[in-house]
Structure formats: structure tokens, C-alpha cells
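Undergrad: From the sequence below, what's the structure:
(one chain, ligands or ions: 1)
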Amino acid sequence: MCGIVGAIAQRPVTEILLEGLRRLEYRGYDSAGLAVISADNLLMRERALGKVAELEKKLENSSLAGTLGIAHTRWATHGEPAERNAHPHVSANRIAVVHNGIIENYEELRESLQAEGYVFESDTDTEVIVHLIEKAESQGIELLEAVMSVRKKLRGAYALGVISNDEPDSLIVARHGSPLVIGLGLGENFIGSDIQAMLPVTSRFIYLENGDTAQLSRHEINIYDENGDAVKREIQQSTASMCASDLGEYRHYMHKEIFEQPQAIQATLDSRLTGESFINCIVGETSEGVAAKDILAQVEEIQIIACGTSYHAGLIARYWIESLTEVPCNVEVASEYRYRRQPPKKNMLVITLSQSGETADTLAALDKVKQDGCLATLTICNVPESSLTRESDFSLMTIAGPEIGVASTKAFTTQLVALQLLLGQLLQAKQADDKLIIELISGLKQLPVIVEQVLEHDKAIEKMAEDFIEKNNALFLGRGEQYPVAMEGALKLKEISYIHAEAYPAGELKHGPLALVDSEMPIITVAPNTSLLEKLKSNLEEVRSRGGMLYVFADKAAEIKQQDNIYVIEMPAVPESIAAIVYSVPLQLLSYYTAVFKGTDVDKPRNLAKSVTVE
Ligand code: AGP
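TA: The predicted model follows:
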């Protein structure tokens, strides 16, 4: 994880670096630091435990200034969050390194450096890199060459930014696994973990490839591939705009983003369907030049791969795909899929789901899929220039806009909308009955308005959340596609309120978890008017008769009445095809208000980061 940013300019870079860090805070926020080469060629560094704002405060009273610098916001992997573990790491007071990734062989490297007399100040894996570079450079080679030689010793994933006071006109970067982008300015150049970090200063970017090392001066950029040969990488003009990070009337981004869902859903649907058909919205082609429509006609099997909330979207889509088509669909978390041996399946379409498009496990799984062989790869993603979008044959973009809260909300519901758009195109390619297609379209068209109606329950859900302030555990129940909805509800609650929450298929309760039920255990469930409603109601009776307190979001037709141990919020009537999307929304609000009452850092919950770019 972690975010890195760097600049080499003719003007002071501290504010550019700080703004870059603020924009990268979604990647980690347990500590931050910055190093520059000063006008009199001194390496100056400032670090702080906590968020970028803490570093900013420290810098207000610091003389640190320079036109060449690197900076970092950290999500701890090796070594607790502490100032001494914050980057940049320094060797011999003259070389500084920022790193995103994990060095797998750091222990052996550390031991051999210690044997040579290097003293380690941190518990990080990164510190070996800076000492190795210092060791190489002190043998008389230039910084670029030193970094290239050190790379050969490193195993693992890394994006690096390196500066030395011996070379005040040089910023060296290297990439292997973790993302790194160069931003091109006039008489100044930049580096960042993503383009957002650099949008205030440039819109022209070069995406480094794995194995690349680059040397940036104020006027030049030289890139070398893994063999050390000079290479040219394409310059891309980005159309991305500086994200509107205005909270407006809202106290938290999460609340704002929950309320943005009707617009985000509408934007994801716009121009992608007519009254009777789905319009192709899948961009790209295979390396053999085959278009999406032909791939969908051929596909015999679908594999969805994702992490966290995106994985839950995949689980819901499996119910949809298998109930309406003859195409079997598997869904697996990327961290498992990437290490599981599987026979190549020539007619399998592999779909990765990701808000950020930078999740390391999902990217590694995509890499494995490409090596194993499949029919085609498609990503459903919210970031057009992300690694997943660039590395997949096809992409279908969600138009959720930037999601800042760590807990995913609008990205999730727009992923579900995108999955329905994909399903619609699959049905058309397989020449399914028009009736199915028209029903799907009709549900989608009603969706933004129905979500608006659900959001009107905001205050009622806030009231319900008061019951959760003192709770330590919660159970979420669902049946059919509402089971992954319950899983997502449980993830949201633990993520931001730190209440331990688990989700079960309601029918599974009697096989063990029922033992947990007593008057202290809140049980949250969603009860849309679907074919499994009666089964769910029987399961709820099992809970009630054991003294469990039920919190139910129910369709009026479910006829579940508010009583002593049943707290009911009545939901609007919804077509079955969109019920999973609609019923996800009240669970987001319930988690949000519980977290607000508990006083947690809703948008930046402890130990987490928005984009998980390490394994
Ligand atoms: C969502 O609330 C989480 N913060 C997390 O599970 C997230 O969905 C997961 O890390 C995957 O991220 P991605 O969608 O960017 O790949």
C-alpha cells in the first residue's frame, strides 16, 4: 500500500508534495514524511505519525525547503505505525528513499548489511533499499546505476523514488509490481503512485512498465527497461479532472457518497440502454482483434475475481447470471485465486471487479489468468486510467465519480449496475428471449428513483442505529442474492464501527450460529418481496423464539410487523431484478450512523486504506 509522490522543479516543491500526499491518503494514512535537497545541497527530512495534516503542522515550524523532493504516506506492513518507521528512509544522511510495496527478502539483506556495519533505525523492509543504494553509490557509481544494481538484489514488489544530495539534479524512480506514474511539466517533472497526486500540476503522464527505471531531471526523462536498455514509453494526455472533494452539507464523505448513489447509478446507465435493448458499453478488443459482442456469444463459462466489497458485487452477479443464462459463473477472492492451480479454460471469460483498479491481489490474479489462458479478460472498474483497465482486454466503466470514503458505497452499487449492463449484453449475444431483456431494462430504469425513496429513510435509520452503540457483535442474514447483500452489510459495519459482524445465509443459522442468538445479539436482515421471502420469514421466527432482537428492512408485502423484538423499516416495492441493489443502501446507512454514534473516523477507519496495493 502507501502512496508516493516526488518532484524536481525550479520552484519550491514542498507544497506540491503535500498536496500530492493529501490526494494519495486513500492509500494509507498511519504516518507521512517528506525529504528534499536544500539549496545548499543538504538532505532535509520531516516525518510525522498520523495523517498528512500532522506532517503539515510539523512543516509549519520547519526550515525544510528545496526544489527536489520525495514524499510518502504510509500504510504499515513491516513495523508498527511510528515516526521512526515512516518514509522517507535515509542512509548516511545523504540518500533518501520512498517505497510502495513489500521487499520479501529484506531479512537476509538486513542481516548482511548489519554485518557490514549499517545501523537500522526502523523495523521496515524499505530501509534495506536505501542502505544498499548508499553502499553501491559509495563505491563510486552514479545514483541511477546504483539503483539499477540494487534492483537485482530485491525480491518482491516495489515502486521507488530516490534522491541523493550528491545529485541535486536527479530524481530516480523504479517500478516492479507496484504502480508508478511520471508527470511531465515544463521545466519540472513529477512522480506519483497515481495521476490524482499530480493533477494540480500536470495532465501529461507516462505509465512506467514493470522493470522500468527512470532518471528525471528538470528538463529530461530517460527511461530504461529491465535489461537496462533505453526505451520510450508513450506520453498520455489525461482528461481526468481534479476531483471535487467538497463535502458540501455533509459531515463525512461516506454519507455524501451514499446520497450520490441515485446520480451515480443514473450516470452509469446513461446512453447504455434504450427501452428495449442494451447498447454496447464494453470498450476494447482481444489481442486477436475480437470484439466484445463476439466474445459474449462464444463464452461458455464466467469467472469473477475481486476483493472485499467488489467480491460481494461478484457474488450477487453470480445469482443473476446463472438464473437468466446457461453460463456457469464462479466467483473467488483474488488473494486465493492467484495461488490456486486451475486447468486453462479456453472458453472462459474472466471478469475482474475493482473500484480502484489498483488492488494488488486482483492485478496478480489477472496476470495469472493471462498466463494460464482464457477466452478474454474484462474489468469493471471506476478509474479509467487504472492498471486493471489498461491490462484487461475489455473494460466496462462504472461512472460513480471519485469515491473518497474508505468504505465503498456508490462504487458497489454502480458495480452492480454495470454487472446488469453486462448481463443484458450477454443475454442479447446469446439471443435470449426479449421479455427477459425488457424486464431487466425496466428494473434498471426505475432504480435511481427507488434509491432516492430509500434515502428518505435516512433519519429513521439513524434512530435505529442508536440501538447498536453498545453492541459488540451483530449477525446479518439473507437468502439467495440477499445473502451477499448481508455479507456486504456485515463488512460495512465492522469496517467503520469496529463492531464484530458476520453474515449467514438465513437457512444456515440452525446449523450452528443459532447458538449465538440471545437478547444481546442484534440480527439484521433484508426482506424484499422475492421468491425466498416465506423461507426467510420462517428463519426469522427461529431467531425470535430464541429471544433474538431483529432489525428488518422489509417490503410492505412481507407483512412483517413492528413488535417488541422486531424493529421494522418499510421499504418501497421493488422489482426482484434490482432488489439486491436497493436493499444494500439501508445497510450502508445503518453502518454509517452506528459509526458516527461510536465516534470512529468514518472516512478513514483505523488500519485500513482505500486502495490495497500490496499483497
Ligand atoms: C470496501 O468498503 C473496502 N474498503 C474494501 O473491501 C475494497 O472493496 C477492496 O479493498 C477492493 O478494492 P477495489 O474495489 O478497489 O479493488
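
Undergrad: make it CA atoms for all contacts and neighbour counts henceforth
TA: Will do.

Undergrad: and the protein, which of its residues are near the ligand?
TA: Contact residues, the chain versus the ligand (CA under 6 Å from any ligand atom): 307-310, 354-357, 359, 406-408, 610-612.

Undergrad: Which members of those are classed as buried?
TA: Buried members of the residues of the chain next to the ligand, scored by 16 or more other CA atoms under 10 Å, are 307, 309-310, 354-357, 359, 406-408, 610-612.

Undergrad: Just flag the most distant two among those.
TA: Maximum pairwise distance in these, criterion CA to CA, is 15.7 Å, between 357 and 407.

Undergrad: residue boundaries of the strands in the stretch 251-400 of the chain?
TA: 283-284, 301-306, 329-333, 345-354, 374-381, 394-397 (DSSP state E, counting those that start in this stretch).

Undergrad: could you give the mean pLDDT of the second one?
TA: Which is strand 301-306. For strand 301-306, the mean per-residue pLDDT is 98.

Undergrad: who's in contact with it?
TA: 311, 314, 327-334, 337, 347-354, 362, 365 (CA atoms under 8 Å, 6 or more residues apart in numbering).

Undergrad: That one: how far from the chain's middle?
TA: Going by CA atoms, centre = their mean, to the nearest Å, the spacing between the C-alpha centre of strand 301-306 and its chain's C-alpha centre is 18 Å.

Undergrad: for that strand, which positions count as buried?
TA: Residues of strand 301-306 classed as buried: 301-306 (neighbour count, 16+ other CA under 10 Å).

Undergrad: Name the nearest residue to whichever residue of the stretch 101-250 of the chain sits closest to the ligand, sequence neighbours excluded.
TA: Closest residue of the stretch 101-250 of the chain to the ligand, CA to the nearest ligand atom: residue 194 (13.3 Å). Nearest-residue entry for residue 194: residue 181, 6.0 Å, with adjacent residues in sequence omitted and distances by CA to CA, 6 or more residues apart in numbering.

Undergrad: now residue 182
TA: Closest residue to residue 182 apart from its sequence neighbours, by CA to CA, 6+ apart: residue 191 at 4.5 Å.

Undergrad: Next one, pLDDT for that neighbour please.
TA: At residue 191, the model reports a pLDDT of 98.

Undergrad: can you check residue 249 too?
TA: 86.

Undergrad: Which residue ranges of the stretch 151-300 of the chain form helices?
TA: Taking DSSP state H, counting those that start in this stretch as the criterion, the stretch 151-300 of the chain carries its helices at 253-259, 261-269, 292-298.

Undergrad: can you list contacts of the last one?
TA: Spelled out, it's helix 292-298. 280, 282-285, 347, 349, 375-376, 394, 425-426, 429-430.

Undergrad: Which single one of the residues you listed is nearest to residue 78?
TA: The closest of the contacts of helix 292-298 to residue 78 turns out to be residue 394 (CA to CA; 35.8 Å).

Undergrad: low-scoring stretches of the stretch 351-500 of the chain, by residue?
TA: Residues of the stretch 351-500 of the chain that meet the criterion pLDDT under 70 are absent altogether.

Undergrad: That one: helices as residue ranges?
TA: Remark: helices assigned in the stretch 351-500 of the chain by DSSP H, counting those that start in this stretch are 360-372, 387-391, 410-429, 434-455, 458-465, 482-497.

Undergrad: Include mean neighbour count and distance to residue 552 when you put those helices into JSON lines, please.
TA: Formatted as JSON lines, the helices of the stretch 351-500 of the chain follow (neighbours: other CA atoms under 10 Å; distance: least, CA to CA, whole Å):
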{"stretch": "helix 360-372", "mean neighbour count": "20", "distance to residue 552": "34"}
{"stretch": "helix 387-391", "mean neighbour count": "21", "distance to residue 552": "38"}
{"stretch": "helix 410-429", "mean neighbour count": "25", "distance to residue 552": "20"}
{"stretch": "helix 434-455", "mean neighbour count": "18", "distance to residue 552": "14"}
{"stretch": "helix 458-465", "mean neighbour count": "16", "distance to residue 552": "10"}
{"stretch": "helix 482-497", "mean neighbour count": "26", "distance to residue 552": "12"}
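
Undergrad: Quick one, which of the ones you listed gets closest to residue 109.
TA: Evaluated over the helices of the stretch 351-500 of the chain, closeness to residue 109 peaks at helix 360-372, with 24.0 Å, by CA to CA.

Undergrad: and that closest one with strand 374-381, angle?
TA: 160 degrees (axes from the mean of the first three to the mean of the last three CA atoms, to 10 degrees).

Undergrad: Report all helices and strands that helix 360-372 contacts.
TA: strand 301-306, helix 334-337, strand 345-354 (3 or more CA pairs under 8 Å, 6 or more residues apart in numbering; DSSP states H and E).

Undergrad: want to throw those into a markdown table with distance to residue 22?
TA: As requested, the helices and strands packed on helix 360-372 are exported to a markdown table (distance: least, CA to CA, whole Å):
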| stretch | distance to residue 22 |
| --- | --- |
| strand 301-306 | 27 |
| helix 334-337 | 28 |
| strand 345-354 | 22 |
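
Undergrad: picking up where we left off before, and the two most separated of the residues of the chain next to the ligand?
TA: Farthest-apart pair in those is 357 and 407; separation 15.7 Å (CA to CA).

Undergrad: ok, and what's touching the lowest-mean-pLDDT helix or strand in the chain?
TA: Lowest on mean pLDDT, DSSP states H and E among the helices and strands of the chain sits helix 533-544, with a mean of 86. For helix 533-544, the external contacting residues (CA under 8 Å, 6+ apart) are 478-479, 506-507, 509, 514, 517, 527, 549-550, 558, 565.

Undergrad: Among these, name the ones in helices.
TA: Using DSSP state H, no member of the contacts of helix 533-544 sits in helices.

Undergrad: Looking at the residues you listed, which is nearest the ligand?
TA: Once CA to the nearest ligand atom is applied, the member of the contacts of helix 533-544 that ends up nearest the ligand is residue 478, at 19.0 Å.

Undergrad: mind checking how far the closest one is from residue 561?
TA: The gap separating residue 478 from residue 561 is 18 Å, by CA to CA, to the nearest Å.

Undergrad: Okay, and the beta partners of residue 505?
TA: Residue 505 has these beta-bridge partners by DSSP bridges: residue 478.

Undergrad: Redo the contacts of helix 533-544 as JSON lines? Include neighbour count.
TA: Shown next, in JSON lines, are the contacts of helix 533-544 (neighbours: other CA atoms under 10 Å):
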{"residue": "478", "neighbour count": "26"}
{"residue": "479", "neighbour count": "24"}
{"residue": "506", "neighbour count": "25"}
{"residue": "507", "neighbour count": "16"}
{"residue": "509", "neighbour count": "19"}
{"residue": "514", "neighbour count": "14"}
{"residue": "517", "neighbour count": "21"}
{"residue": "527", "neighbour count": "26"}
{"residue": "549", "neighbour count": "21"}
{"residue": "550", "neighbour count": "25"}
{"residue": "558", "neighbour count": "16"}
{"residue": "565", "neighbour count": "14"}
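
Undergrad: Can I get these in TSV including distance to residue 420?
TA: Output for the contacts of helix 533-544, formatted as TSV (distance: CA to CA, whole Å):
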residue	distance to residue 420
478	21
479	20
506	25
507	27
509	30
514	34
517	36
527	21
549	34
550	31
558	26
565	37
